[in-house]
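Student: Structure for this input, please:
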Amino acid sequence: MSASASRLCLKTVENDVITARKFLVAVALAVAAVSASTGRAAKLKVGVVQTVIENRLEENRAKIERFIDEAKEHGCRLVVFPENALYWADISTDKATKADIDRAVERIRNHADRADLCVVFGTSHKPSDGAKWRNKGFVFGSDGKTLISCWKTKDVPESFNVDQVACNVVICSDRTFLEYSDLPCLVQGSQVIIDISGGHGGDDGRPDLRWIRYRPWATRTSAYVIVSNPVHDDDTDFMGNCPWGGGSAIVRPDGSIQASRTHEKDVMFVEEIADLAANRGMYLHFHISYKSDASADDAILRMQRNLLMLRYAKYAAAVNAADPSDLPNPSSAAGGMSLIVSRQGGHEQAAPAGIEYYLPYQTSLVKGAGTAETMICATRRTTRSNDLDLDRHHRNRDRRSRPQQGWYDWITLGAGLTTEQIEP
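Tutor: Numbering: from 1, shown residues only. Have a look, this model is predicted:
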């Protein structure tokens, strides 16, 4: 397709019969995650902490230890803190050293041991004194042992167990990559995915599409998804929001929200969760369906899933049959809400012209329909090919070139599982 202005027109109609393609890879992911979950604990009490990150190491350390004690009082077996909850180098005023961070991490490890619960948190850290600050995640077991110590978007995912419940942790933008977000459930049988985020996590998609990253993620993997995200109330983000961040939540495997917060500061919510028994870059993508919704919230979740499903396309459309209830002889129920989407903008970029609902971290809604019969049209400027820069925007580099061992084997195993070539 040459560079031009492409016009998409979609008509949503009532129909009794529709032929739909089933996406077998997505189904395989969900089935594998469920089948790997037998013989585990019946429930797990979790504390999710949403903090304001202070600009001094010792203040953050004391806050983490205080919440660990509070989680113990509530009978939690797992407590989760945001990315950089211990130390955020970008805003710090105390000029902490690598040795200072190491000492604070050791104190939290000892506190986890004394409290007899698993602690997940993130911090700015350095591999050596002269190195640049990077983001790192830690998981300490209830016995104080280090279960996970991982650098953001670098180390191969590893699962860990809390009372025999398999969990995985990702750090913020790690969730962009299937090797972090989905393969832990498929390959390692993880039942809980924990995202320790640092900014635009839980609040992305507000006000109407909150948790757009997490609800479809949970339904796709049949796992619980937990996000812990800090609140930023002293500045304005690039979209003009203040406060921003927050949106910490526990999402059930069916995509429903079990518990959440918006922009409350320095809070923890405690919940008991029950046990549970790949797209490549494309240019234009179309998805047709005949779907109805049991509730308004189900309709929102369907919209979120469509937006996430189409995220790697340059332009796309999801077409669903309209509500036929006002016809003399109505066909089966359907919910409409067709979409035309476009992948434009991005991190710290203003909303492009002609966007109805801007979502900088995935495809944005260009034009949407309601439930009634209608036709929606949109004109977007196209290029000769899909210009998604995987290396820059998604860090989907050739894993053979990574110095850490295991990346290529990890991706190869995941690809084999989705094509039924390798047994897990």
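
Student: Could you pull out the helices in the stretch 51-200 of the chain for me?
Tutor: 57-73, 98-115, 178-181, 183-188 (DSSP state H, counting those that start in this stretch).

Student: Present those as a markdown table; the columns should include mean neighbour count and distance to residue 349.
Tutor: Yep, even glycine has a C-beta here, placed from its N, CA and C like the rest. Converted to a markdown table, the helices of the stretch 51-200 of the chain look like this (neighbours: other CB atoms under 10 Å; distance: least, CB to CB, whole Å):
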| stretch | mean neighbour count | distance to residue 349 |
| --- | --- | --- |
| helix 57-73 | 19 | 30 |
| helix 98-115 | 17 | 32 |
| helix 178-181 | 20 | 23 |
| helix 183-188 | 23 | 30 |
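
Student: quick one: which of these is nearest residue 43?
Tutor: Taking CB to CB, helix 57-73 is the member of the helices of the stretch 51-200 of the chain nearest to residue 43, at 15.8 Å.

Student: Touching the closest one from outside, list them.
Tutor: Here helix 57-73 makes contact (CB atoms under 8 Å, 6 or more residues apart in numbering) with 47, 49, 51, 53-54, 79, 81, 85-87, 92, 94, 96, 100-101, 104, 107-108, 111-112, 115-117, 119, 121, 266, 268, 270.

Student: out of these, which are buried?
Tutor: 47, 49, 51, 53-54, 79, 81, 85-87, 92, 96, 101, 104, 108, 111-112, 115, 117, 119, 121, 268, 270 (16 or more other CB atoms under 10 Å).

Student: Now tell me which of the helices of the stretch 51-200 of the chain the model trusts least on average.
Tutor: Averaging pLDDT over each of the helices of the stretch 51-200 of the chain singles out helix 183-188 as the lowest, with a mean of 76.

Student: centre of the chain versus that helix, how much separation?
Tutor: 15 Å (CA atoms, centre = their mean, to the nearest Å).

Student: hang on, the earlier thing: so which of the contacts of helix 57-73 sit within strands?
Tutor: Judged by DSSP state E, strands contain the following of these: 47, 49, 79, 119, 121, 268, 270.

Student: My guess is the second one contacts residue 270. True?
Tutor: The one in question is residue 49. No: with contact defined as CB atoms under 8 Å, residue 49 and residue 270 do not form a contacting pair (10.1 Å).

Student: among the helices of the stretch 51-200 of the chain, which is nearest residue 254?
Tutor: Here helix 183-188 is closest among those (CB to CB), at 14.8 Å.

Student: Would you mind putting the CA coordinates of the closest one into CSV?
Tutor: Written as CSV, here are the backbone C-alpha positions of helix 183-188 (Å, rounded to 0.1, in the frame of the first residue of the first chain):
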residue,chain,number,x,y,z
LEU,A,183,4.6,-17.2,29.0
PRO,A,184,4.9,-17.5,32.8
CYS,A,185,1.4,-18.8,32.8
LEU,A,186,1.9,-21.1,29.9
VAL,A,187,5.4,-22.4,30.7
GLN,A,188,5.6,-22.2,34.5
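
Student: Lovely, talk soon.
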